[in-house]
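# Return atomic coordinates for the entry below.
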Amino acid sequence: MNKLILKAVAIFVSSFMMIGCGSGDNAGTTNVIPLYNVSGTVVDGPISGAIVNIYGVDENSTILYGTTTTDEFGSFSVMGIKNLPAVYRVVITDGIDTGVDAKADENDEELGFEMSAIVEREEDNETGQSMANVSPATTIVDKIVEDGVMPLEDAQKTVAKSFGLDEDTVLAKLDNNKNSLGNKVGNLIGFLTKISPIENKNIVIEAIVNLVKNKEVNVSVSDTGIDLSKLDLMDLMTEVNKTAIADNIPIEDNISPDDISKIGKTSDIIKEKLANLLDTIKTADSISADDGRKAVSFKIALESLLSEIHEQSADEIDVDELNLFVKNTQETIKALLDDSDTNETRTDENIAFVLELIKANLSEDLADVKKFVIKASNDYKIIIKKIDGNIKIKIKSSVKNIVKNIYKNVDINKSETIVDALDDATLEEISDTADDIDSVVETGEMPTEEATELTNELEDTVADQIAGIIETGEMPTTESIKSVTDESVNNPILVEAIKTRVKIKVKIKIKAKKEVLSDDDNSELIASTKVIKTIKINVKIKSFTREHADSCDSYQTHIKDTIKSSTKIKITIKAFDIERFDLNGTEYLTTELMDILDQLIGTDIDLLSSIYKIKIKIKTDFLKVDISSQTTLDDILGNIDDYKEEVVPEVRVLSLPQPTLPDMPEEFATPIEVKI
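Numbering: from 1, shown residues only. As a prediction, the model looks like this:
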């Protein structure tokens, strides 16, 4: 007989005997079993629709004492629990993370990993109420206790101290409706799982647990500020790999050397933007609509940053450009959310479209970009309705991609007519083009990764040409789109030229997941990307012939060899030279800008200008000297920081020479402009 049944029978018989044998005032009384109500919130952001199960611990760990689901605010309550243990565990599965704006909308996402909390029942509580709040931080406490490393009290103190909270903070008792700290720490841990490219986020949680156990996490999360300066993301990635290996995760699914290198290059910007996001998080009952939109824009910007990092190789990453991308994304998304016409439909598809536009139009001056993106976003929704409602359009996703790329490639000052240009007849012709792309790719019988990359490149090539037609002020017609299709998609020479480069790119990117790339691999990857871009420019200007294809091969070899032999060219320019001091009447001293440019022209920088996106940064330190003060040279040298004044010069544009090869068609050469 089941032990639980025997136990229940024994309790019943014992109670019956007490009733039968009672005497005096106690006759007919029974022991009252106390009932408990367990309530709390589940946050990462608030988790709605999550399954909440309450278990015992140790020998009672399989006994289910109650179950429910969370409401839209992440709150739950289980009433009338009998025999609730003094220490119990709350386990959370499934559910939707309502995010940093603390409300259900299009920005929500699935939780992605199991959460839990080990909770001490309140004593001397006549109402039987027990608070049990669950977050990623309580999950770490629970796993430390479960591993047997330390008791609950020590685990709570260790986790609190790791995240800069008061050591006496009991996270499971922290009311997340009145205190934002649980939500801030939860989002911090949640985003740390996103930094890792490993899809199994429970592995990353386990790695964080290991670092906390070893007291290797040292951050500060408070309502007055976030300090992540001592957070070592490289250590986290290394620990994730160790954990994955211990859990028998296949080596190809681990974090690659290239991934770790990327995190090393971008660690500072990731931590800065993550801290900025955490600063925006408030409790659900105190966050305003504007606060929520700001938090969402920061979240989308950070997620987009991580996506860009994951998609690029370590050698492709440009930290300055990533910084500009985040700034553009934060401000443009906020403007988009503030716009009344777009507030209602913040779909993943629309946000993805907006991010493509932002990447294609990065700018320090965002006024025109924001205006363009909001207008394009509204127009794009109109075009999507046309596509979805047209039964003649078969591969709708491909047509939508081509439309996205048209907006991405068009001059923002000439985009007003796109929504009118893409009428039903034009979209149907673009649909035929999409069918042709699909047929070309299927005929090649390529591996999935290569097929996807080739499809993307052909869609972009077609879109770039259609954008060129629109920029001339003309409306694309069915005939002009057919011509575009024939010149690109149905041009086997062009398709083969792009396919050759695609195979190289995919092969090297797959290799990067397993090992550190050699200089040869890196130069090959950069060269392939450069040649594909050049092909697209060429086909937009003129038809693509066998002569062009042959030139592509020699051009790629030339670029690769040049990169391999010139990978570490550096030009050091001293903007501050003590010997040029002039104390006889000159207040501001500086190196002349054109002197610097003269040093650049005629060097190997000319050759590399066709390969790299050249960025020339000139930091000019002026020395401000008060002549009337009888300042001496020794005074200046002894207190030089007091005299230096950094001045940003007016932007100037310099055209650098473009190298050519004997067999390179003239239209391959593209103008290089450097902003000074």
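
# contacts, neighbours, all on C-alpha from now
Will do.

# Thought residue 377 was touching residue 354, still the case?
Yes: between residue 354 and residue 377 there is a contact under Cα atoms under 8 Å: 6.7 Å.

# Other residues contacting the host helix or strand of residue 507?
Secondary structure assigned from DSSP states H and E places residue 507 in helix 492-512. For helix 492-512, the surrounding residues in contact (Cα atoms under 8 Å, 6 or more residues apart in numbering) are 256-258, 313, 449-450, 453-454, 457-458, 488-489, 517, 521, 524-525, 528-529, 531-532, 535, 544-546, 549, 552.

# re earlier: more neighbours: residue 354 and residue 377, which one.
Of the pair residue 354 and residue 377, residue 354 is the one with more neighbours under other Cα atoms under 10 Å, namely 24 against 20.

# Contacts only, for that one.
373, 377.

# My reading is that it lies in a helix. Confirm?
Yes: secondary structure assignment places residue 354 in a helix (DSSP: H, G, I helix; E, B strand; the rest coil).

# Can you mark which positions in whichever helix or strand residue 139 is part of are buried?
In this structure, residue 139 sits in helix 136-146 according to DSSP H and E. Across helix 136-146, burial judged by 16 or more other Cα atoms under 10 Å covers 136, 137, 138, 139, 140, 141, 142, 143, 144, 145.

# got a list of what the third one touches?
Remark: with contacts taken as Cα under 8 Å, 6+ apart, residue 138 is in contact with 115, 116, 117, 118, 171, 172.

# where does the third one fall, helix, sheet strand or coil?
Just to be clear, that refers to residue 117. Of the three states, residue 117 takes strand under three-state DSSP.

# can you tell me the helix or strand for residue 324?
Element membership for residue 324 (DSSP H and E) is helix 319-338.

# Quick check: which helices or strands does that helix pack against?
When contacts are defined as 3 or more Cα pairs under 8 Å, 6 or more residues apart in numbering; DSSP states H and E, helix 319-338 packs onto helix 257-280, helix 289-311, helix 348-360, helix 367-389.

# now the last one: mean pLDDT?
By that I understand helix 367-389. Mean pLDDT, helix 367-389: 89.

# mind checking how far that helix is from the chain centre?
The chain centroid and the centroid of helix 367-389 are separated by 23 Å, computed with Cα atoms, centre = their mean, to the nearest Å.

# before we move on, what about the first one?
Taking the mean of its C-alpha atoms, helix 257-280 sits 10 Å from the chain's own mean (Cα atoms, centre = their mean).

# Format the helices and strands packed on helix 319-338 as CSV; extra columns: distance to residue 85.
What follows is these, written out as CSV (distance: least, Cα to Cα, whole Å):
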stretch, distance to residue 85
helix 257-280, 36
helix 289-311, 39
helix 348-360, 44
helix 367-389, 55
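
# and residue 70, which of those helices is closest to it?
Closest to residue 70 of these is helix 289-311 (Cα to Cα; 21.2 Å).

# Just the residues contacting the closest one, thanks.
Contact with helix 289-311 is made by 99-102, 107, 194-195, 197, 259, 262, 270, 273-274, 276-277, 280-281, 317, 322, 325-327, 329-331, 333-334, 337-338, 355, as judged by Cα under 8 Å, 6+ apart.

# Just name the shakiest helix or strand of the protein by mean pLDDT.
Lowest mean confidence among the helices and strands of the chain (mean pLDDT, DSSP states H and E): helix 605-608, at a mean of 32.

# Now do the same contact list for residue 179.
If you count contacts by Cα under 8 Å, 6+ apart, residue 179 has them with residue 283.

# For my notes, confirm it occurs in a strand.
No: counting by three-state DSSP, residue 179 is not part of a strand but coil.

# how much space is there between it and residue 224?
Computed as Cα to Cα, to the nearest Å, the residue 179 to residue 224 distance reads 13 Å.

# From residue 463, how far out is the residue nearest to residue 430 when sequence neighbours are not counted?
Counting by Cα to Cα, 6 or more residues apart in numbering, residue 430 lies nearest to residue 399, which is 6.5 Å off, once chain neighbours are set aside. Per Cα to Cα, residue 399 is found 10 Å from residue 463.

# which parts of stretch 365-374 are buried?
366, 369, 370, 372, 373, 374.

# Repeat that for stretch 239-246.
Buried positions in stretch 239-246, judged by neighbour count with 16+ other Cα under 10 Å: 239, 240, 241, 242, 243, 244.

# For the fifth one, pull up the helix or strand it's in.
Going back to what we said before, that points to residue 243. Element membership for residue 243 (DSSP H and E) is helix 233-246.

# And the contacts of that helix?
So helix 233-246 is contacted by 196, 203-204, 206-208, 210-211, 251, 254-255, 260, 263-264, 267 (Cα under 8 Å, 6+ apart).

# For whichever helix or strand comes after the helix holding residue 507, give the mean pLDDT please.
The first helix or strand that comes after helix 492-512 along the chain, using DSSP H and E, is helix 519-541. Mean pLDDT, helix 519-541: 82.

# Packing partners of the following helix or strand past helix 519-541?
Downstream of helix 519-541, the first helix or strand assigned by DSSP H and E is helix 546-565. Judged by 3+ Cα pairs under 8 Å, 6+ apart, the packing partners of helix 546-565 are helix 492-512, helix 519-541.

# if you set the cut-off to 10 Å instead, what comes out?
helix 492-512, helix 519-541, helix 605-608 (3 or more Cα pairs under 10 Å, 6 or more residues apart in numbering; DSSP states H and E).

# on that earlier part again, list buried members of the contacts of helix 492-512 by neighbour count.
Here, 16+ other Cα under 10 Å leaves 256-258, 313, 450, 453-454, 457-458, 488-489, 517, 521, 524-525, 528-529, 531-532, 535, 544, 549, 552 buried among those.

# Quick one: which of the contacts of helix 233-246 is the most crowded by neighbours?
Using other Cα under 10 Å as the neighbour test, these are led by residue 204, with 28 neighbours.

# which residues does that residue contact?
113, 189-190, 192-198, 210, 236-237, 239-241, 243-244 (Cα atoms under 10 Å, 6 or more residues apart in numbering).

# That one: which element?
According to DSSP H and E, residue 204 maps onto helix 201-213.

# Show me the shaky parts of the protein.
The model of the chain has pLDDT under 70 over residues 1-33, 98-112, 124-125, 177, 250-253, 284-285, 340-346, 444, 563-676.

# Residue 219 and residue 288, how far apart?
Counting by Cα to Cα, the gap from residue 219 to residue 288 is 27 Å.

# Tell me which of these two has more neighbours.
residue 219 (18 against 13).

# Could you grab the helix/strand/coil label for residue 52?
Here residue 52 is recorded as strand under three-state DSSP.
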